[in-house]
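>>> Predicted structure and sequence below. I'll ask about it afterward.
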Amino acid sequence: MRESIQQLEQAAVKKDASAFFEYFAEDFSGSDGLDRDNFRRYVQLIWLQHKDIGVQMGPLDVKLMQDRATVNFTVALTGGKGLIPDQGQIYEVQTGWRLEGDDWKLISATWKPVL
């Protein structure tokens, strides 16, 4: 589980859509009713707007329940066109995961700005 989240974080920084969405279940649902395809478009738009993406995650609060899990954390996201980020925000994130075979898949995520 933690390894999947670390891989998601690294894929986000690299702006690698195929590696990033590898961990998303087909039936993923996110904040504001975003499904997997709409969330993919949203993320890719953000990546196009910012040359560099920064991701700093806080501690993970993991709760395992057989083949399901919840993981809550805070994350600081930054983006910019140069060395210094133009934008940044801290979010509280709540995620739901499901074990599919040997892989954990993200089935839900909600986020809200902290600041």
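Yep, it's here.
>>> In the protein, where is pLDDT below threshold?
Applying pLDDT under 70 to the chain picks out residues 82-85.
>>> Try it again at 50.
Low-confidence segments of the chain, defined by pLDDT under 50: none present.
>>> Which parts of it are helices?
For the chain, the helices defined by DSSP state H occupy 2-14, 17-21, 36-49.
>>> between those, which gets nearest to Gly101?
When the helices of the chain are compared by CB to CB, helix 2-14 sits nearest Gly101, at 13.0 Å. C-beta: built from backbone N, CA, C; applies to glycine.
>>> Residues in a beta bridge with the closest residue to Val114 other than its chain neighbours, which ones?
Once its chain neighbours are removed from consideration, Val114 has its nearest residue in Ile90; the separation is 4.3 Å (CB to CB, 6 or more residues apart in numbering). Listed beta-bridge partners, Ile90: Ala76 (assigned using DSSP bridges).
>>> what residues are up against Ile90?
Contact partners of Ile90, counting by CB atoms under 8 Å, 6 or more residues apart in numbering, are 74-77, 113-115.
>>> Gly80 now?
Contacts for Gly80 were tallied using CB under 8 Å, 6+ apart; they are 50-52, 86-87.
>>> hmm, try it at 6 Å
Taking CB atoms under 6 Å, 6 or more residues apart in numbering as the criterion, Gly80 is in contact with 50, 52, 86.
>>> Distance check, Trp104 against Gln44.
Taking CB to CB, to the nearest Å as the measure, Trp104 falls 23 Å from Gln44.
>>> And those two? Which one has more around it.
Applying other CB atoms under 10 Å to Trp104 and Gln44 shows that Trp104 carries more neighbours, namely 21 against 14.
>>> so what's the more buried one bridging to?
The bridge-partner assignment for Trp104, based on DSSP bridges, gives Leu99.
>>> Among the contacts of Gly80, which ones are in strands?
Within the contacts of Gly80, membership in strands is found for Asp52, as judged by DSSP state E.
>>> Can you tell me which of the contacts of Gly80 are buried?
Buried residues within the contacts of Gly80, defined by neighbour count using 16 or more other CB atoms under 10 Å: His50.
>>> wait, Val93 sits on Trp111?
Yes: applying CB atoms under 6 Å as the test, Val93 and Trp111 come out as touching, 4.7 Å apart.
>>> With that, I have no additional questions.
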